[in-house]
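>>> turn this into a model:
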Amino acid sequence: MTTTMAPATKRRESPRLLDKAPPWALLAATMFLIAWGGNQFTPLLVFYSGEGIDQVVVNSLLFAYVVGIVPGLAISAPLSDRFGRRPVALPAPWIGIAGSVFLAIGGDAPLMLGIGRVLCGLALGIAMAVGGSWLKEVSSPPYDLAADGLAGARRQGLSLTAGFAVGAAIAGVLAQWAPAPHVLPYLVHIVLSVPFALALSVVPETLDRRPASTREDDGGTPAARRADTPPPIATHFAAPRFLLVVALTAPWVFGAAGVAYAIIPGQLAENVQSAPVAFSALLCVLTLGSGFVVQQLARRIYVPGSIILAKLTYSLILAGMLLAVVTMLLLESTPWSVAVGILAAITLGCAYGMALQCGLLEVQRYAHNSNLAAFTAVFYTLAYLGFGFPMVLSALSGVASYPVMLGAGAVIAAASGILMFVAAKVHNRR
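Predicted structure coming up:
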């Protein structure tokens with residue numbers, strides 16, 4: 001079944017304060033809050049470690065929400081490409097709210113915390129695959145006449161990154177200095193999310209789900225015979241450019257971010273004993289804030305068909321990983337280790353932002369409306385594999401030191417970048 005953009009429909013009645021909000025802004029705000037819920041746990045890793053939960057278990061809880069993200073991406077994407085964006089995306093903020101409820105009542109019980117993390121991941125998976133595709137579509141005519149062709153990818157990346165950063169900052173500050181640190185960070189997210197979960201219903205459907213034989217293009221040609229019907233999606237996944245630019249780079253999106261705001265603050269906790277949770281939140285904000293800024297730059301320098309963003313991504317990853325190695329080597333010197341750790345987090349944040357925009361722009365360039373959500377889901381599934389890095393490194397810390405393991409990561413990043421560059425050169429000569 002082929003799906004196309006649906007004609008603009010009349011928006012439903014919305015709450016008074018949201019009457020004048022464009023559809024893309026409501027959707028972006030909801031994605032922001034779902035991302036907030038997904039990352040509010042991250043700066044609390046240090047807090048839960050201090051509560052007596054084993055470090056490997058804590059990092060497993062960080063990775064647990066990937067258990068929700070992957071099925072959220074894999075199941076929701078094809079469903080939305082077939083049945084439309086609205087029916088699949090509308091439950092997402094409510095699932096995220098349920099995740100925060102479990103986290104709030106979980107205390108220091110790993111099982112309850114794990115359930116909450118999985119639910120937050122499921123909400124985020126739907127938001128990224130379906131919400132991202134929906135946002136791209138309402139960021140183009142006839143829903144947004146002023147947006148440029150890259151607005152969808154830009155708004156998607158920025159709303160998620162801003163949500164990740166703000167959620168980490170608020171949760172970290174509340175857990176460090178406010179009462180009820182087990183509960184209050186999650187309660188704030190719940191209270192803010194409910195109005196936008198209700199308001200999401202005013203965003204119009206963007207896919208026409210009529211049978212292909214009944215739809216006609218502007219020239220009267222039945223859609224079933226249109227020339228722009230996409231080839232099978234597996235053909236794109238096997239293409240050299242997808243494998244080298246998207247698949248190879250994607251795990252570094254959250255691999256780089258995970259090193260910056262999970263590994264580095266955990267190792268520096270003893271060097272910032274006065275406020276370890278707040279310092280962890282600071283590194284989250286610096287990582288994601290630098291990623292937010294870099295995404296603005298990525299859009300400006302992106303050249304369709306080139307690998308300039310991928311080359312910049314690998315350069316930043318290599319620099320960030322080497323700085324992380326130096327941070328580990330300087331742990332005995334508090335001022336220097338903290339300073340270099342901050343610089344490493346900023347650099348890895350830039351790598352995260354560049355990798356995210358590189359992948360999203362590639363996906364939105366090649367995907368057809370009928371398989372955009374599926375393409376987005378595959379990209380994010382590969383990207384979130386990188387969240388396993390902190391858990392793997394924690395598990396291996398008894399076998400190898402962090403400088404050795406992070407150094408190995410730098411070597412892998414350099415090798416991946418060289419492979420991509422050489423393959424692109426060979427391909428261009430053909």
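>>> where does the stretch 201-350 of the chain have low pLDDT?
208-240 (pLDDT under 70).
>>> the same query, at a cut-off of 80, please.
207-245, 299, 304-305 (pLDDT under 80).
>>> show me where it has strands.
Secondary structure of the stretch 201-350 of the chain by DSSP state E, counting those that start in this stretch: the strands cover 207-208.
>>> and the longest helix for this structure?
As assigned by DSSP state H, the longest helix anywhere in the chain is helix 334-366.
>>> now that helix, how far from the chain's geometric center?
Relative to the centre of its chain, helix 334-366 is centred 12 Å away, using C-alpha atoms, centre = their mean, to the nearest Å.
>>> other SSEs contacting it?
Contacts defined by 3 or more C-beta pairs under 8 Å, 6 or more residues apart in numbering; DSSP states H and E place helix 334-366 against helix 151-177, helix 251-258, helix 264-268, helix 276-301, helix 308-329, helix 372-384. C-betas here are computed from N, CA, C, even on glycine.
>>> just how off-centre is stretch 67-74 within its chain?
When C-alpha coordinates are averaged (C-alpha atoms, centre = their mean), stretch 67-74 and its chain have centres 12 Å apart.
>>> name the residues that touch that stretch?
Here stretch 67-74 makes contact (C-beta atoms under 8 Å, 6 or more residues apart in numbering) with 117-126, 128-129, 376-378, 380-381, 384.
>>> send the alpha carbons of it over as PDB?
Presented in PDB, the C-alpha positions along stretch 67-74 are these (Å, rounded to 0.1, in the frame of the first residue of the first chain):
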ATOM      1  CA  VAL A  67      14.900  -2.200  25.600                       C
ATOM      2  CA  GLY A  68      11.800   0.000  25.200                       C
ATOM      3  CA  ILE A  69      13.200   2.200  22.400                       C
ATOM      4  CA  VAL A  70      14.000  -0.600  20.000                       C
ATOM      5  CA  PRO A  71      10.500  -2.200  19.900                       C
ATOM      6  CA  GLY A  72       9.000   1.300  20.000                       C
ATOM      7  CA  LEU A  73      10.900   2.100  16.900                       C
ATOM      8  CA  ALA A  74      10.500  -1.300  15.200                       C
END
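>>> roughly how far does Pro142 sit from Pro204?
Note on Pro142: its distance to Pro204, by C-beta to C-beta, to the nearest Å, is 10 Å.
>>> go on, Ala423?
Ala423 sits at a distance of 42 Å from Pro204 (criterion: C-beta to C-beta).
>>> residues contacting the residue nearest in space to the middle of the chain?
The geometric centre of the chain, computed from its C-alpha atoms, lies nearest to Leu160 (C-alpha atoms, centre = their mean), at 6.0 Å. Leu160 sits next to 31-32, 35, 127-128 when contact means C-beta under 8 Å, 6+ apart.
>>> what of Leu323?
340, 343-344, 347-348.
>>> nearest spatial neighbour of it, chain-adjacent residues omitted?
Spatial nearest neighbour of Leu323, chain neighbours left out: Ala344 (3.6 Å); criterion: C-beta to C-beta, 6 or more residues apart in numbering.
>>> neighbours of the closest residue to Ala374 other than its chain neighbours, how many?
Leaving aside its sequence neighbours, Ala374 sits nearest to Ala77 (C-beta to C-beta, 6+ apart; 4.6 Å). For Ala77, the neighbour count with other C-beta atoms under 10 Å is 28.
>>> give me the phi and psi angles of Ala77.
Torsion angles at Ala77 (phi, psi; degrees, to the nearest 10) stand at phi -60, psi -60.
>>> which strand or helix spans Lys20?
Of the helices and strands defined by DSSP states H and E, none includes Lys20.
>>> how many neighbours does it have?
8.
>>> I figured Val57 was touching Pro110, is that so?
Yes: with contact defined as C-beta atoms under 8 Å, Val57 counts as touching Pro110 (5.6 Å).
>>> before we move on, the earlier item: of the contacts of Leu323, which is the most crowded?
Leu348 leads the contacts of Leu323 on contacts (other C-beta under 10 Å) with 32 neighbours.
>>> mind checking how far that one is from Leu361?
Distance from Leu348 to Leu361, by C-beta to C-beta: 20 Å.
>>> same question, Ser139
In terms of C-beta to C-beta, Ser139 sits 14 Å off from Leu361.
>>> quick one: which of these two has more around it?
Ser139 (25 against 20).
>>> and the gap between the more buried one and Arg365?
15 Å.
>>> on that earlier part again, kindly write the ChimeraX command that selects the buried subset of the contacts of stretch 67-74.
Selecting the buried subset of those in ChimeraX, with 16 or more other C-beta atoms under 10 Å as the burial test, is done by:
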select :117,118,119,120,121,122,123,124,125,126,128,129,376,377,378,380,381,384
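>>> residues contacting the residue lying closest to Trp177 once chain neighbours are set aside?
Distance criterion C-beta to C-beta, 6+ apart; nearest residue to Trp177, sequence neighbours excluded, is Ala278 at 7.4 Å. By C-beta under 8 Å, 6+ apart, the residues touching Ala278 are 172-173, 176-177.
>>> correct me, but Ile158 touches Gly291?
No Ile there; residue 158 is Leu. No: using C-beta under 8 Å, Leu158 makes no contact with Gly291, being 9.6 Å away.
>>> more neighbours: which of the two?
Gly291 (32 against 21).
>>> more neighbours: which of Pro142 and Pro204?
Using other C-beta under 10 Å as the criterion, Pro142 and Pro204 rank with Pro204 on top: 19 against 12.
>>> report the separation between that one and Trp134.
Computed as C-beta to C-beta, the Pro204 to Trp134 distance reads 10 Å.
>>> overlap of the contact sets of these two?
Arg86.
>>> so what touches stretch 350-357?
With C-beta under 8 Å, 6+ apart, stretch 350-357 has contacts from 153-154, 157, 161, 249-250, 252-254, 256-257, 260, 287-288, 290-295, 298-299, 302, 309, 312-313, 316-317, 319-320, 383.
>>> cool, thanks, signing off.
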